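Asks: have a look at this prediction, sequence included:
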Amino acid sequence: MTTSESLSPVSRTALAVARVRAYESSRPDALFVDPYAAAFVTAAGLPLAPSGQPSRLGKILMAHGILRTRFYDDRLLAAGADQVVVLAAGLDARAHRLDWPSGTRVFELDLGPVLEFKERVLEGLGAVPRAERTALPADLVDPGWTDRLVEAGFDPARPSTWLAEGLLVYLTAEEAAALLASVAALAAPGSRLLLEQGRDLSRTPADPALAEMIALWRGGLGPGTSRWLDEHGWKAEVITLVHLGEVYGRPLPDPTIGTSFIEAVRS
């Protein structure tokens with residue numbers, strides 16, 4: 001049986017994201033409700049609430065995770081494509097909790113142990129997806145994942161929507177560029193890609209409480225992510241975290257820290 005201990009260090013960060021989503025879902029003014037998030041945390045044997053008060057950086061990362069979830073929820077449903085690919089899906093439960101248009105197919109890609117843990121929890125809850133869902137074990141650093149996706153029924157000739165939530169920061173610049181090039185090769189004109197802009201890791205505040213997670217960050221394409229996309233066949237729009245805080249009525253606890261988000265359209 002797969003347990004959280006069998007997950008890689010990067011994969012275990014999905015539990016931190018689930019904890020944030022469980023917290024937000026419990027609020028009376030929640031920006032979204034993820035009815036599965038708490039079950040993932042509990043199944044991993046972790047407390048739903050971390051001990052102690054969050055640090056300055058911890059508060060920003062929590063706000064980031066909450067606003068990011070709601071923003072991607074909204075943009076995925078608005079994109080209109082009936083093929084949705086979630087890269088490094090982790091404990092993402094959007095296939096089960098969003099009101100997808102009829103005929104939508106959601107492909108979730110991640111390492112096998114992550115998907116096994118996720119399936120065990122969802123099956124225990126009797127969760128039923130609200131779209132046609134295909135979970136594909138895959139290492140996204142291995143270029144063979146694209147063949148597996150097509151073999152599973154993905155049609156690269158038709159528009160699609162891609163989500164790379166919280167992913168690129170854990171990759172080197174070379175790995176991130178290779179992954180995005182693979183996405184571009186499968187994304188028909190009009191396809192959309194949702195991801196983070198990236199950050200300059202040298203400016204990340206030191207935080208002993210988050211040191212283990214921060215040590216896993218490799219930076220991806222950093223602040224130049226949107227420029228890279230513009231130079232490789234996409235038209236990228238950058239949306240700041242501060243702007244999303246204003247849009248969703250959640251002003252940031254510290255607007256001087258944070259990253260931005262990108263919605264890119266394939267030319």
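Replies: Here it is on my side, so go on. Source: prediction; values computed, not measured.
Asks: low pLDDT regions in the stretch 51-200 of the chain?
Replies: Low-confidence segments of the stretch 51-200 of the chain (pLDDT under 70): 51-52.
Asks: which parts of it are helices?
Replies: Under the criterion DSSP state H, counting those that start in this stretch, the stretch 51-200 of the chain carries helices at the ranges 56-79, 94-97, 112-125, 145-151, 173-186.
Asks: so where does A38 fall, helix or strand?
Replies: helix 37-43 (DSSP states H and E).
Asks: would you mind writing the CA trace of that helix as PDB?
Replies: What follows is the C-alpha trace of helix 37-43 in PDB, where atoms were taken according to Å, rounded to 0.1, in the frame of the first residue of the first chain:
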ATOM      1  CA  ALA A  37      -8.200  18.100   0.600                       C
ATOM      2  CA  ALA A  38      -8.600  17.300   4.300                       C
ATOM      3  CA  ALA A  39      -8.900  13.600   3.500                       C
ATOM      4  CA  PHE A  40      -5.600  13.600   1.800                       C
ATOM      5  CA  VAL A  41      -3.900  15.300   4.700                       C
ATOM      6  CA  THR A  42      -5.500  12.900   7.300                       C
ATOM      7  CA  ALA A  43      -4.700   9.800   5.200                       C
END
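Asks: got the buried residues for it?
Replies: A37, A38, A39, F40, V41, A43 (16 or more other CB atoms under 10 Å). (Glycine included, C-beta is placed from N, CA and C.)
Asks: name the nearest of the residues you listed relative to R70.
Replies: Lowest distance from R70 to the buried residues of helix 37-43 (CB to CB) belongs to A37, with 13.5 Å.
Asks: please tell me how far the closest one sits from A127.
Replies: 12 Å (CB to CB, to the nearest Å).
Asks: please enumerate the shared neighbours of those two.
Replies: Any residue near both A37 and A127 by CB atoms under 8 Å, 6 or more residues apart in numbering counts here, and that gives A93.
Asks: how about the helices of the stretch 51-200 of the chain, which one is nearest E132?
Replies: Nearest to E132, of the helices of the stretch 51-200 of the chain and by CB to CB, is helix 94-97 at 8.6 Å.
Asks: please state the offset of that closest one from the chain centre?
Replies: Centroid displacement of helix 94-97 relative to its chain, using CA atoms, centre = their mean, to the nearest Å, is 13 Å.
Asks: for R97, give its distance to A236.
Replies: 27 Å.
Asks: kindly report the same for L229.
Replies: 4 Å.
Asks: what do those two both touch?
Replies: I262, A264.
Asks: higher neighbour count, those two?
Replies: Taking other CB atoms under 10 Å, L229 and A236 do not tie; L229 has more neighbours (23 against 19).
Asks: ok, that one touching A264?
Replies: Yes: if you go by CB atoms under 8 Å, L229 and A264 touch, sitting 4.8 Å apart.
Asks: now do the contacts for A79.
Replies: Neighbours of A79 in contact, by CB under 8 Å, 6+ apart: T161, R192.
Asks: fine by me, thanks again.
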